[in-house]
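Asker: Need coordinates for the below:
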Amino acid sequence: MTWVAADVLTWRPEHGYRLWHDRAVFHFLTDPADRAAYRDLATATVTPGGFLIIATFAAGGPTHCSGLPVMRYGPNRAGRRVRTRLTTIATTDEHHQTPWDTMHHFIWLVLQRVTGPST
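Answerer: This next block holds a predicted model:
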């Protein structure tokens, strides 16, 4: 297994990966150009047949996190943002209790890179 810590907007991977797991990045991308760069990088980096797993704030989630503004999504809206050459395998909701005793509403998306034409 290889763990990568990098700026997702400037990182250029040397090879593809079968799994991309994002637990807390996508919702911080509030600029449409940044979301498009993320989508393009993720879909180019995940190998055909591989998976992209994203957890992001749900529509009813907080408007800010760690003092920064965030985007909030329903499962269909989030999936549309990253669904180039990817197909949705599963979505689920999570209500996460923080150490500060607040609840944050997340959605999880599991997408798989298709091997044929773009979807």
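
Asker: Going by neighbour count, list what's buried in stretch 94-112.
Answerer: 106-109, 111-112 (16 or more other Cβ atoms under 10 Å). All C-beta spots, glycine's among them, are computed from the backbone N, C-alpha and C.

Asker: Work out the gap between the helix or strand where Trp108 lies and the centre of the chain.
Answerer: Taking DSSP states H and E as the criterion, Trp108 maps to strand 103-113. Relative to its chain's centre, strand 103-113 lies at 7 Å (Cα atoms, centre = their mean, to the nearest Å).

Asker: And for it, what's in contact with it?
Answerer: Contacts with strand 103-113, where a contact means Cβ atoms under 8 Å, 6 or more residues apart in numbering, come from 43, 46-62, 65, 73-75, 78-79, 82-83, 85-98.

Asker: Likewise for stretch 45-53?
Answerer: 13, 16-22, 42-43, 82, 86, 89, 108-115.

Asker: change it to 7 Å
Answerer: By Cβ atoms under 7 Å, 6 or more residues apart in numbering, the list of residues contacting stretch 45-53 from outside reads 13, 16-22, 42, 82, 86, 110-113, 115.

Asker: Can you tell me which of those comes closest to Trp3?
Answerer: His21 (9.8 Å; Cβ to Cβ).

Asker: Which residue is the nearest non-sequential neighbour of Leu111?
Answerer: Leu86 (4.1 Å; Cβ to Cβ, 6 or more residues apart in numbering).

Asker: Report the secondary structure state of the most far-flung residue of the chain relative to its centre.
Answerer: The centre of the chain is farthest from one residue, Asp101, which by Cα atoms, centre = their mean lies 24.9 Å away. Three-state call for Asp101 (DSSP: H, G, I helix; E, B strand; the rest coil): coil.
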